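Participant: One predicted model, sequence on top.
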Amino acid sequence: MILGVALGQAAPTVVAVDDGTATWPVARGAARHASRACVAVDLGGVRTAPVAAIRVGGPCPEALGPVVGSGAATIVRGGHSVTGRRLAPLDTEAVRRFAATCGLVDFAVTATGSPILADHELEVAAIVAAEVPRARITLSYEFGYPGLREREADAIRNAALGPEAGRIADEVARELPGVPAYFARSGGGLVSAHYFRRFPLTCDRGAAASLARGRAALSGGGGRVEISDGAEVSAEVPVEVPDGVAAAYGAALGRPEAHVERIVLARGRAELDRVLRDARDEALTRVVSAGAAPGSAGIEEITVNPLSYLPDGLYRVRVTAGGRPWAG
C-alpha cells in the first residue's frame, strides 16, 4: 500500500493507493504500515527564513543588487566569465567578515559565471561553513540558469524555504514513523525527504503538479477511487473527487526524478561527449539522492541547445533521470 498525502491549510488529506485504486479516509494505524508516503504540498504561502545572500562579481547599482527582504546581502569581488575565465580573485576576507557578522544561518551564494565554473561558489561555501558551523548553504550553480539574477533569486528562495521544509519533513516523519517519505516535485515526479530538505524549491508547486496528475489519471480512466466508511467494505461510487483527494492520488502515482542543468563549454564533438557523460553521471547520482533505488536509475531525457549571441561552443545541457523508489 502506498499513501498519498496532500497538505494544505486544512487537515491533511490521506489516501491509500493499491493497484491504482485510491481509498479514503485512511485510519492512522493502517497508514503507518504503508510501504511509502508521497506528499504533495505547495510552499507558496509558508513562512520563510531571512537569508544571507552573497553575490560574487563586480559592483552594480543598488537597485540591481540581491533582493533579500528582511535578510542581509553583500557583493564581493570575484567570479568568472561565460567561458570560464577568472574575472578577479575571490575576496575571501570580505566573505569571512560577512559570514561572521551577519547573524544568519541560511545562506545563498551566487557567482558570475558559476554555471560554467563553480569554483568561487564552492570556495565561498567552504568559508561560510567554517565561520558558521550551523549554516545551511544554497549554491546557485545547482539551478543551472545562465542569467545571474534568475539563479540568484532561486538560490535565495531555496534558502528561505529550507527551515520550513525541514519542519514539514519532521512532521511527516512523526506522523508516519518508519514510513519512507517522498515529496512531489513542481514539474512532476518525486524526491526523497533528504532531497526535499536540501532543495525545497524543487517542490514549490508540488500540490498543483500532483493535482493535475491525479485529475488526468482519473478523467482518463487510468485510476479508480473508492470511499471507505469505517469498517465497511468500500465500493466504487460515482462521486466528484475533491481537489485534496485528487492531489494526494496524483502524488502517489509519481516516482523519483531529478534534473541537472548546466552551461558547458565544448570545442568539438569529443569534448561535448565528455561533458554530456559527466552530466549523465551527475543526474544518476542526483536521482539516487532523490530516493531512487540505484539499480533502477536511468536517463530519461537529454537536451542540448547552443546558446545564442555567445561565443561558439557554449551549450545549455539538461538531463533528466528517473527510477523506482527504494520502498514499494
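Facilitator: Happy to help now that I have it.

Participant: Can you pull the poorly scored residue ranges out of this protein?
Facilitator: The chain contains residues with pLDDT under 70 at 220-240, 327-328.

Participant: Report the central residue of it.
Facilitator: residue 202 (2.6 Å; C-alpha atoms, centre = their mean).

Participant: And it, how far from residue 321?
Facilitator: Taking C-beta to C-beta, to the nearest Å as the measure, residue 202 falls 13 Å from residue 321. (Each C-beta comes from the backbone N, C-alpha and C, glycine too.)

Participant: for the helix or strand harbouring residue 15, which positions count as buried?
Facilitator: Here residue 15 is covered by strand 13-18, with elements defined by DSSP states H and E. By neighbour count on 16 or more other C-beta atoms under 10 Å, the buried set for strand 13-18 is 13-17.

Participant: List just the nearest of the residues you listed to residue 312.
Facilitator: Within the buried residues of strand 13-18, the smallest distance to residue 312 is 50.1 Å, found for residue 17 (C-beta to C-beta).

Participant: Run through the bridge partners of that closest one.
Facilitator: Counting by DSSP bridges, residue 17 is bridged to residue 2, residue 22.

Participant: Let me see the ranges of the strands in the stretch 201-328 of the chain.
Facilitator: Counting by DSSP state E, counting those that start in this stretch, the stretch 201-328 of the chain has strands at residues 224-227, 235-236, 257-265, 298-306, 314-322.

Participant: Can you say which of the ones you listed is nearest to residue 171?
Facilitator: Here strand 257-265 is closest among those (C-beta to C-beta), at 23.5 Å.

Participant: tilt between the closest one and strand 314-322?
Facilitator: Strand 257-265 runs at 160 degrees relative to strand 314-322, counting by axes from the mean of the first three to the mean of the last three C-alpha atoms, to 10 degrees.

Participant: Show me what strand 257-265 is packed against.
Facilitator: strand 190-192, helix 269-289, strand 314-322 (3 or more C-beta pairs under 8 Å, 6 or more residues apart in numbering; DSSP states H and E).

Participant: how about that strand: buried residues?
Facilitator: 257-265.

Participant: Switch those over to CSV; also include distance to residue 129.
Facilitator: Formatted as CSV, these follow (distance: C-beta to C-beta, whole Å):
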residue, distance to residue 129
257, 29
258, 24
259, 26
260, 23
261, 25
262, 24
263, 25
264, 27
265, 29
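
Participant: which residues touch the strand holding residue 15?
Facilitator: 1-6, 22-26, 30-31, 34, 225, 242, 244-245, 247-249, 252-253 (C-beta atoms under 8 Å, 6 or more residues apart in numbering).

Participant: Same check on stretch 81-95?
Facilitator: Contacts for stretch 81-95 (C-beta under 8 Å, 6+ apart): 54, 56-58, 74, 76-80, 112-113, 116-117, 120, 123-124, 127-128, 146, 263, 265, 310-311, 314.

Participant: Buried residues of it, list them for me.
Facilitator: Applying 16+ other C-beta under 10 Å to stretch 81-95 flags 82, 87, 90-92, 94-95 as buried.

Participant: From the chain's centroid, how far away is that stretch?
Facilitator: 27 Å (C-alpha atoms, centre = their mean, to the nearest Å).

Participant: Same question for stretch 121-137.
Facilitator: With C-alpha atoms, centre = their mean, you get 20 Å for stretch 121-137.

Participant: just stretch 64-80 next, same as before
Facilitator: For stretch 64-80, the distance to the chain centre is 22 Å (C-alpha atoms, centre = their mean).
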